[in-house]
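# pasting the sequence and the predicted coordinates here, then a few questions.
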Amino acid sequence: MKFPVYLAQLASAVLDKQAFTLIELLQVESSKSKELLRDVANPSRPALQGFRGSVESPWDDIAIAHLQVVLKAEGRDFGAAYKEQAKLIVDVLKWFQSQTSWFLPVLYRVLDDLRELAARADEDVMLQGGPSKQADSLEDAARIIGNCFSSCMTDRTNPVGVSRKWGTYYIAGLALKCYFRISKTFLSKNIIRAIDANSDTLPPLTQYPRSHQVTWRYYIALLDFLGENYDKAERGFVSTFYSCPMRARRNKELALNYLIPIRLLKGILPSRKLLNRFPNLEMLYRPFGDAIRKGDIKEFDARLAWAETRLVEAGVYLTVERAREVCLSRLFRKTWRALSKPDPLTRVPISSFQAALKISGLDISQEEVECLLANMIYKGYMRGYLSHGTGILVLSKQDPFPSLLTRRDPAPM
Amino acid sequence: MSSTTPAKNAAPAATTEKPAEEKKEPLPQLGALEEDDEFEEFETQDWEDAETDLSFLKTDPGAPTASGQPASDSLWEENWDDDDVDEDFSKLLRAEIEKTAAQGEDTTMSH
């Protein structure tokens, strides 16, 4: 495709508001972009200057920038390709301020490409090393994406049906993806704060396309998880997991990657039916579930060591490690039940728990057992008190092992 | 049993532990983690409830009801730790308690 033809197609697609055609014309990886690169003899910026003014501004500059992006990406110079795409988006954004929601799908795609190019540019810098260059493209992309986000969220001219506000959550999600990739999740706060401050003027989240809702909820849940706000994170991941379409397996798996550890802490275990659908997770978590069920602390510890690397990589090691308390509390409950025949026992010698730990493979002193029990009581896994002098644990007559679902961690001292 | 000394006692404990370890197969290797842990772009913007797992959500155990008894969801199990006493465990536990008690008597006598 010769450049004048490309310009004409671009201008006509803009005029007719043909979002789909525009996507084809502006995506880096598209047949049209390939044809363009093939047929333009001299695609350099200076050689194309003569075309400026031949179509309505800024589409002449956008066209020239796009060809540079494709050219640089083809030459695998992703740093330069990223810079050109960033220029393109500055022009697109200026023009977009006067547009309605019809252009949103096109904006999403050019921003996706921006992010992809930034990621590759950063990868290249990191591979090459050297002190001269910094891998800062993704952070820069997040800034540009943030500008587009603002333009959507603060649309005060268009009626709600065609408002740019409908782009708010999708683009916010893109910004968050950038922040997570560069491990600067704290920057997400700016986006979240902006949405909170404008929430009265935005349509309710539930009215947005499901893909936007689910992605947004996932990242908010992830932030809650990182802040150890487990209850809120649990709700977010539950919503993500159940609302994702079945075919989006990887996204469901990602939600479960966090949801399963969070729920282990509440004694809610993934069923066989659930795990059967996700073989990777089954291999990892079924042993933990089984160990907790049985109160098999030795098996739990063995599995924790076995899965350590994987759990660290998945960002959930500390959460699974905390589930050890759940496993331990089940062993103590099992001990109490075994001794509560025929009548419920309320005074249990500490040495009985020591014996239970010993047959579970944990041979520790009575003092250590006492310490474990004190901790269990403090954390609400058991109700009762320790009588150190007599070496007896006195359990509450009422519900000595409260449900894990309602247990609360004590407030930090 | 009551005549078992601590020293003698240590040996059978070790032997009861060993076979358990021997019969255990080596743990399977976990495959490599999928490198990209980024939430993926959806193929479509929107979809129907029927394409999701939302039908299960009605009975998700996440939020306990007013009675404190959550409804059951076949994807999760939360009421698994009731009631059945593990007989093997019971026997082992009682044996161990007796053994420790006997041991305690032994040590007090030797003092």
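Received it, and whenever you're ready, just let me know what you need.
# pull up the per-residue confidence for the residue nearest to A:T201 when sequence neighbours are not counted.
Spatial nearest neighbour of A:T201, chain neighbours left out: A:K165 (7.5 Å); criterion: Cβ to Cβ, 6 or more residues apart in numbering or on different chains. Any C-beta I mention is one placed from the backbone N, CA and C, and that applies to glycine too. Per-residue pLDDT puts A:K165 at 98.
# does A:K165 touch A:D200 like I think?
No. Contact between A:K165 and A:D200 fails when scored by Cβ atoms under 8 Å: they sit 11.8 Å apart.
# okay, those two: which has more neighbours?
A:K165 (21 against 6; other Cβ atoms under 10 Å in any protein chain shown).
# is that one part of a helix or strand, or is it coil?
A:K165 falls in the helix class when you classify it by DSSP: H, G, I helix; E, B strand; the rest coil.
# ok, the closest residue to A:S351 other than its chain neighbours to A:T346 distance?
Nearest residue to A:S351, sequence neighbours excluded (Cβ to Cβ, 6+ apart): B:T100, at 5.7 Å. Distance of B:T100 to A:T346, given as Cβ to Cβ, to the nearest Å: 21 Å.
# so the two - more neighbours on which side?
B:T100 (18 against 15).
# which strand or helix spans that one?
Here B:T100, judged by DSSP states H and E, is contained in helix B:87-110.
# now that helix: buried residues?
B:F89, B:S90, B:L92, B:L93, B:E96, B:I97, B:K99, B:T100, B:A101, B:A102, B:Q103, B:D106 (16 or more other Cβ atoms under 10 Å in any protein chain shown).
# who's in contact with the third one?
Okay, so that is B:L92. By Cβ atoms under 8 Å, 6 or more residues apart in numbering or on different chains, the residues touching B:L92 are A:I359.
# do you know how far it is from B:D86?
Per Cβ to Cβ, B:L92 is found 9 Å from B:D86.
# give me the nearest residue to A:L202, chain neighbours excluded.
Closest residue in space to A:L202, ignoring its immediate chain neighbours: A:K165 at 5.6 Å, by Cβ to Cβ, 6+ apart.
# that older thread, give the contact list for the residue nearest to A:T201.
Applying Cβ under 8 Å, 6+ apart to A:K165 gives the contacts A:C152, A:M153, A:D155, A:T201, A:L202, A:P203.
# mind listing which of those are in helices?
Among the contacts of A:K165, the members found in helices (DSSP state H) are A:C152, A:M153.
# now the buried members of the contacts of A:K165.
Among the contacts of A:K165, those buried by neighbour count (16+ other Cβ under 10 Å) are A:C152, A:M153, A:D155, A:L202.
# quick check: the gap between the last one and chain B.
A:L202 is 18 Å from chain B, where distance means Cβ to the nearest Cβ, to the nearest Å.
# quick one, phi/psi of that residue?
As for A:L202, its main-chain torsions (degrees, to the nearest 10) stand at phi -100, psi 150.
# for A:L339, what are its contacts?
The neighbours of A:L339, taking Cβ under 8 Å, 6+ apart as the test, are A:L345, A:V348, A:S352, B:L93.
# I figured A:M376 hits A:V326, correct?
No. In this structure, A:M376 is not within contact of A:V326 by Cβ under 8 Å, at 10.4 Å.
# between the buried ones among the contacts of A:K165, which is nearest chain B?
Proximity of the buried ones among the contacts of A:K165 to chain B (Cβ to the nearest Cβ) peaks at A:C152, which lies at 15.6 Å.
# my guess is the closest one meets A:Y169, correct?
No. A:C152 is not in contact with A:Y169 according to Cβ under 8 Å; the separation is 9.1 Å.
# chain center to stretch A:230-245, what's the gap?
Offset of stretch A:230-245 from its chain centre (Cα atoms, centre = their mean, to the nearest Å): 11 Å.
# report the buried residues of it.
By 16+ other Cβ under 10 Å, the buried positions in stretch A:230-245 come out as A:230, A:233-245.
# could you dump those to TSV with distance to A:A19, pLDDT and secondary structure?
Output for these, formatted as TSV (distance: Cβ to Cβ, whole Å; pLDDT from 0 to 100; DSSP: H, G, I helix; E, B strand; the rest coil):
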residue	distance to A:A19	pLDDT	secondary structure
A:Y230	41	94	helix
A:A233	36	97	helix
A:E234	38	96	helix
A:R235	35	95	helix
A:G236	31	96	helix
A:F237	33	97	helix
A:V238	34	95	helix
A:S239	29	94	helix
A:T240	28	96	helix
A:F241	31	96	helix
A:Y242	31	95	helix
A:S243	26	95	helix
A:C244	25	96	coil
A:P245	23	96	coil
